[in-house]
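Visitor: starting from these lines, generate the structure:
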Amino acid sequence: MSPRYYIGTTVIIGVLTLAISFWTKKQTGKEIFGVFVKVAAAFGAIIGGVLAIAWLLAYLGISQSGFLL
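Guide: Next comes the predicted model:
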């Protein structure tokens, strides 16, 4: 996977963390870190769900392996 995807993902998570922290008026580092953990977990769950569905569809023969890439 290209490094630009990792950089893009980092930027998205960082921007979402800062936006949610500002919106909910979180000010301390501990509170902002808690928001970061929640954003990263949600992002990981979404990506994991999409990959799981892609692998399931490939296993069932509905789609080709690697169609998500």
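
Visitor: now residue 26: how far from residue 16?
Guide: Residue 26 sits 13 Å away from residue 16, taking Cβ to Cβ, to the nearest Å as the criterion. All C-beta spots, glycine's among them, are computed from the backbone N, C-alpha and C.

Visitor: ok, residue 45 next?
Guide: Distance, residue 45 to residue 16, using Cβ to Cβ: 14 Å.

Visitor: can you list contacts of stretch 19-35?
Guide: The list of residues contacting stretch 19-35 from outside it, by Cβ atoms under 8 Å, 6 or more residues apart in numbering, reads 17-18, 39.

Visitor: ok, of those residues, which come out buried?
Guide: 17, 39 (16 or more other Cβ atoms under 10 Å).

Visitor: filter the contacts of stretch 19-35 down to the ones in helices?
Guide: 17-18, 39 (DSSP state H).

Visitor: wait, which of those is closest to residue 49?
Guide: residue 39 (15.8 Å; Cβ to Cβ).

Visitor: name all residues that make contact with the closest one.
Guide: With Cβ under 8 Å, 6+ apart, residue 39 has these contacts: 13, 16-17, 20.

Visitor: coming back round to it: tabulate the contacts of stretch 19-35 (a markdown table), appending pLDDT and distance to residue 31.
Guide: Shown next, in a markdown table, are these (pLDDT from 0 to 100; distance: Cβ to Cβ, whole Å):
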| residue | pLDDT | distance to residue 31 |
| --- | --- | --- |
| 17 | 95 | 11 |
| 18 | 94 | 12 |
| 39 | 95 | 13 |
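
Visitor: make JSON lines out of the contacts of stretch 19-35 and add distance to residue 61.
Guide: Output for the contacts of stretch 19-35, formatted as JSON lines (distance: Cβ to Cβ, whole Å):
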{"residue": "17", "distance to residue 61": "40"}
{"residue": "18", "distance to residue 61": "43"}
{"residue": "39", "distance to residue 61": "36"}
